[in-house]
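1. Based on what follows, work out the 3D shape:
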Amino acid sequence: MTDHGHSQQEIVARINEPPGRGVLRDIVYGGIDGSVTTFAIVAGVAGAGLSPFIIVALGLANVLADGFSMAAGNYSGTKAELDNIRRIRAIEERHIHQFPDGERSEVREILAQKGLSGRVLEEATDAITANHDNWINLMIEGEYGLGSVDPHPIKAATATFLAFLIAGMVPLLPFLLSLDQAFAVSAWMTMGVFFAIGAFKSRWSLAPWWRSGGETLVIGGAAALIAYLVGSLFHP
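-> Predicted coordinates for the structure are as follows:
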């Protein structure tokens with residue numbers, strides 16, 4: 001959300017439970033990739049002049065297999081990110097135990113970079129190093145540039161898979177429903193999904209919804225066009 005309250009109760013609740021990066025990236029990534037890859041199969045097979053049955057079979061295989069593969073990959077990547085944060089936390093805990101003066105100097109430098117100086121700087125350094133967890137969290141953010149909120153691998157993987165599954169099924173619906181001009185309907189529906197995903201992510205962007213939607217539409221449309229042209233080369 002772009003707006004939030006500033007009462008003391010709201011401030012305390014918000015600062016003590018930061019949301020982290022959330023799953024927006026996972027949803028957008030999974031949705032776009034699900035639409036692009038599935039429609040790429042639809043466009044490629046249709047361009048080659050093959051039957052709707054083959055389109056549905058290959059499309060469903062892509063939605064399930066590639067969707068799971070993306071989710072697994074996102075899980076592994078997010079898990080690696082989490083493991084790295086835990087490794088760094090262990091390093092800082094060991095350094096604080098072995099080299100407390102040096103680590104204290106690092107805290108002072110981090111705070112000095114934030115604009116503190118003189119007596120205020122020394123008091124702030126004393127206050128932060130008096131609390132073990134606050135000390136380590138500051139080092140993780142200030143020395144390594146990492147957030148203090150740990151990522152969630154399962155949540156990231158689930159968001160990716162669901163977004164891929166939902167968006168990836170859209171290009172197949174006209175063929176599953178045996179509609180007339182199924183490929184043309186599929187193309188329009190997929191373009192609509194591209195635009196909708198872009199418009200959706202504009203909520204977290206300074207760009208207007210129509211520009212964000214148009215940008216995503218162009219990117220997805222280009223990928224679909226390439227797939228169709230490649231498939232048409234094999235048309236009998």
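2. Show me the residue sitting in the middle of this structure in space.
-> Here the mean C-alpha position of the chain is nearest to the C-alpha of Arg25 (Cα atoms, centre = their mean), at a distance of 2.0 Å.
3. On the C-terminal side of the helix or strand that contains it, identify the next helix or strand.
-> If you go by DSSP states H and E, Arg25 is part of helix 24-47. Once the chain leaves helix 24-47, the next helix or strand it forms, by DSSP H and E, is helix 52-61.
4. For that following helix, buried residues please.
-> For helix 52-61, the buried set under the neighbour-count rule, 16 or more other Cβ atoms under 10 Å, comprises 52, 55-56, 58-60. In short, each C-beta sits where N, CA and C put it, glycine included.
5. ok so, going back, which other helices and strands does the helix holding Arg25 contact?
-> Other helices and strands packing on helix 24-47, by 3 or more Cβ pairs under 8 Å, 6 or more residues apart in numbering; DSSP states H and E, are helix 52-61, helix 67-98, helix 153-169, helix 182-201, helix 209-232.
6. In contact with Ala80, which residues?
-> Under the criterion of Cβ atoms under 8 Å, 6 or more residues apart in numbering, the contact list for Ala80 is empty.
7. low pLDDT regions in this protein?
-> Applying pLDDT under 70 to the chain flags the ranges 1-3, 11-12, 14-21, 148, 235-236.
8. ok so, going back, tell me the angle of the helix holding Arg25 relative to helix 209-232?
-> Between the axis of helix 24-47 and that of helix 209-232 there is an angle of 40 degrees, by axes from the mean of the first three to the mean of the last three Cα atoms, to 10 degrees.
9. What are the buried residues along helix 24-47?
-> By 16+ other Cβ under 10 Å, the buried positions in helix 24-47 come out as 26-47.
10. Now do it against helix 67-98, angle only.
-> 150 degrees.
11. can you state the direction angle for helix 24-47 and helix 52-61?
-> Angle of helix 24-47 versus helix 52-61, following the same axes, to 10 degrees, is 160 degrees.
12. what's the neighbour count on Ala184?
-> If you count neighbours by other Cβ atoms under 10 Å, Ala184 ends up with 12.
13. hmm, back to that, right, so the helices and strands packed on helix 24-47: which one is the most enclosed?
-> Neighbour counts averaged per stretch over those are highest for helix 153-169, at a mean of 22; criterion: mean count of other Cβ atoms under 10 Å.
14. just checking, what packs against that one?
-> Using 3+ Cβ pairs under 8 Å, 6+ apart, the elements in contact with helix 153-169 are helix 24-47, helix 67-98.
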